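Undergrad: how would this look folded up:
(2 chains)
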Amino acid sequence: MMEKKMEKGEKEVRARFAPSPTGWLHLGGARTALFNFLFVRKHGGKFILRVEDTDKERGKPEYEKDILENLEWLGIEHDEFFRQSDRLEIYKKYLRQLLDSGVAYVSKEEGGEGKRDEVIRFKNPGQKIVFNDLIKGEIAFDTKELGDFVIAKSLDEPIFHFANVVDDREMGITHIIRGEDHISNTPRQILIWRALGDGEPASSAGKQPFYAHIPLILAPDRSKLSKRKHGESVSVAFYRQQEYLPEALINYLALLGWNPGNEQEIFSVKELIENFDLAKVQQSGAIFDVEKLDWMNREHIKKMPNYQLPIIKKIKEVLGLGEDTETEKILEKIAPLVLERISKFSDIKIMAERGELAYFFQMPEYPKELLLWKKDKDEGKTRARLGRAREILAAQGSTLRFNLTELMTLAEKEGKGEVLWPLRVALSGLEKSPDPFTLLEIFGKEESLARLDKAIKML
RNA sequence: GGCCCUAUCGUCUAUCGGCUAGGACAUGCGCUUUUCAAGCGCAGAAGCCGGGUUCGACUCCCGGUAGGGUCACCA
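TA: Numbering: from 1, shown residues only, chains lettered A, B, ... in the order given. Got it, this is the predicted structure:
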């Protein structure tokens, strides 16, 4: 990975992705992680992954596992890793500090229904907070309405706002790049940041980070993507199961809400890093469009130096094919045809279910009516035409590539559909398939003749 | 409802005051060795509304409208 050298005295860029393990890694989270990752790699900084698991009720280990695995699948690699549940002592220290200095206080509450009768609240000075968002520009809030908000349930149980700010300070985060649903959290976090003061310079902490709030990824109805409302298709795992290429998903996600200002659309991760610029991130939300993802995924498959390999592997898997050389030969020939008909590898399974693959490896079964061209359903004529085609073929050498001009001449004389349709059906047994010339070359002389004979016998 | 954010083709977007508003996906039509797919070509398709600023606004400012986000002892 190309890394920019740091200038002397220039502060190292440090950004983080801070998911909470309360759900699967979803598209929005993945894109947030990606923008952080691209930004950091572009500037030669460090990307920190921090699991915010302070909510013991809702957090689950399997969610954390899912988030980690799918980030890895996407190739979004972190340089440092933290888990908030390992850092309770640190929060406690700062909580004490705030309590001692009177900035926070223990508040008596009503309690009941899982509620404590005592929590730690932040004494809100009620200032006006203005910050300059790297994407949205200047944003101003009056924090008076926030009141004295809760920052911890107890010394051992900090809640989000507090742990988040403490960690960002401790970890020397310079840029907070997150979803715009966090905009309204920012003022209170800045308040906490200020309250923590510069007196305790934990690591390189002290100076406030830059904020960059990226627009949300939207469902087709323009609402925020949610698993409850929009189902499995919002999770990264879903696309992984569908066997999309991770680099294609990355490419698509990167271009959802960002673009380099030129007309390039297909990017490698390396190019994404080179071109990434927070200033060019969109200000408004973007609808996730699977159709375009599909197109992009195929573009990426096409760019693979050995795209045939995964396709062949998948066909074998789906059809339960053996290892013989004859099969291998056919597989190699049909890989490009299959590519034309899929947008992701899992589509190969769908092709197989539709019977669009099996006929390459075995004599097809089909009703004889299928052999009849819609514009001329005469069986005798069809038989005669197939017979003529058979003669032409039989006269050919058994080389891989046939000379098919004679066949075409026949088709032009008799009518293209009249000859080509039955010929193609005889070879594939299907209503829809690649053209007969392509099939002829795949099957070779012997097999092609066998299939023609079968068709002629049926008529 | 309060606060905050946003507003160009159906969708993703270009335009940083000069636009005959460009590209991509999708759609439609056509071409190619019938069908399917792919490829290629062509076409249709947009500046939310109203004020201002300016010689000139899609671009800047204000208002309205609409959409979204957020208002937890969740993150």
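
Undergrad: please make it C-alpha for all contacts and neighbour counts, starting now.
TA: Noted.

Undergrad: correct me if wrong: A:Asp142 contacts A:Phe131.
TA: No: using Cα atoms under 8 Å as the test, A:Asp142 is too far from A:Phe131 to be in contact (11.8 Å).

Undergrad: more neighbours: which of those two?
TA: Comparing A:Asp142 with A:Phe131 by neighbour count (other Cα atoms under 10 Å), the higher total belongs to A:Phe131, at 15 against 12.

Undergrad: gap between A:Trp24 and A:Ser233?
TA: 11 Å (Cα to Cα, to the nearest Å).

Undergrad: out of those two, which sits in the busier spot?
TA: Legend: neighbour count by other Cα under 10 Å for A:Trp24 and A:Ser233, higher for A:Trp24 (24 against 15).

Undergrad: list the contacts for the more buried one?
TA: Contacts for A:Trp24 (Cα atoms under 8 Å, 6 or more residues apart in numbering) come out as A:Tyr63, A:Glu64, A:Asp66, A:Ile67, A:Ser235, A:Val236, A:Ala237.

Undergrad: which ones among those map onto helices?
TA: A:Tyr63, A:Glu64, A:Asp66, A:Ile67, A:Val236, A:Ala237 (DSSP state H).

Undergrad: any low-confidence regions in chain A?
TA: Residue ranges of chain A with pLDDT under 70: A:1-10, A:198-206, A:398-401.

Undergrad: let's see 50
TA: A:1-6, A:8, A:199-205 (pLDDT under 50).

Undergrad: which residue of it lies farthest from its centroid?
TA: Distance from the C-alpha centroid of chain A peaks at A:Gly380, with 54.5 Å (Cα atoms, centre = their mean).

Undergrad: just to check, that one is in contact with A:Leu459?
TA: Yes: with contact defined as Cα under 8 Å, A:Gly380 reaches A:Leu459; the gap is 7.4 Å.

Undergrad: that older thread, can you narrow the contacts of A:Trp24 to ones near RNA strand B?
TA: With the criterion set as Cα under 7 Å from any atom of the strand, no member of those is near RNA strand B.

Undergrad: which stretches in the stretch 151-300 of chain A count as strands?
TA: With DSSP state E, counting those that start in this stretch, the ranges of strands along the stretch 151-300 of chain A come out as A:157-158, A:175-179, A:210-214, A:217-218, A:286-287.

Undergrad: quick one: the second one to chain centroid distance?
TA: Put simply, strand A:175-179 sits 20 Å off its chain's centre (Cα atoms, centre = their mean, to the nearest Å).

Undergrad: turn the contacts of A:Trp24 into JSON lines, including neighbour count.
TA: Below are the contacts of A:Trp24 laid out as JSON lines (neighbours: other Cα atoms under 10 Å):
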{"residue": "A:Tyr63", "neighbour count": "16"}
{"residue": "A:Glu64", "neighbour count": "20"}
{"residue": "A:Asp66", "neighbour count": "19"}
{"residue": "A:Ile67", "neighbour count": "25"}
{"residue": "A:Ser235", "neighbour count": "24"}
{"residue": "A:Val236", "neighbour count": "25"}
{"residue": "A:Ala237", "neighbour count": "21"}
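
Undergrad: so which of the residues you listed comes closest to A:Glu77?
TA: The shortest gap between A:Glu77 and any of those belongs to A:Ile67, at 12.1 Å (Cα to Cα).

Undergrad: now the closest one: how far from A:Ala30?
TA: Relative to A:Ala30, and taking Cα to Cα, A:Ile67 is found at 9 Å.

Undergrad: right, and A:Ala389 touches A:Leu407 too?
TA: Yes: shown here, A:Ala389 and A:Leu407 form a contact pair, counting by Cα under 8 Å, at 6.4 Å.

Undergrad: enumerate every residue touching the residue in the stretch 351-459 of chain A that RNA strand B sits nearest to.
TA: Residue of the stretch 351-459 of chain A nearest RNA strand B, by Cα to the nearest atom of the strand: A:Asp435 (2.9 Å). Contact analysis of A:Asp435 by Cα under 8 Å, 6+ apart lists A:Arg424.

Undergrad: related to what we said a few turns ago, can you say which of the strands of the stretch 151-300 of chain A is nearest to RNA strand B?
TA: Closest to RNA strand B of the strands of the stretch 151-300 of chain A is strand A:286-287 (Cα to the nearest atom of the strand; 3.6 Å).

Undergrad: which other helices and strands does the closest one contact?
TA: strand A:217-218 (3 or more Cα pairs under 8 Å, 6 or more residues apart in numbering; DSSP states H and E).
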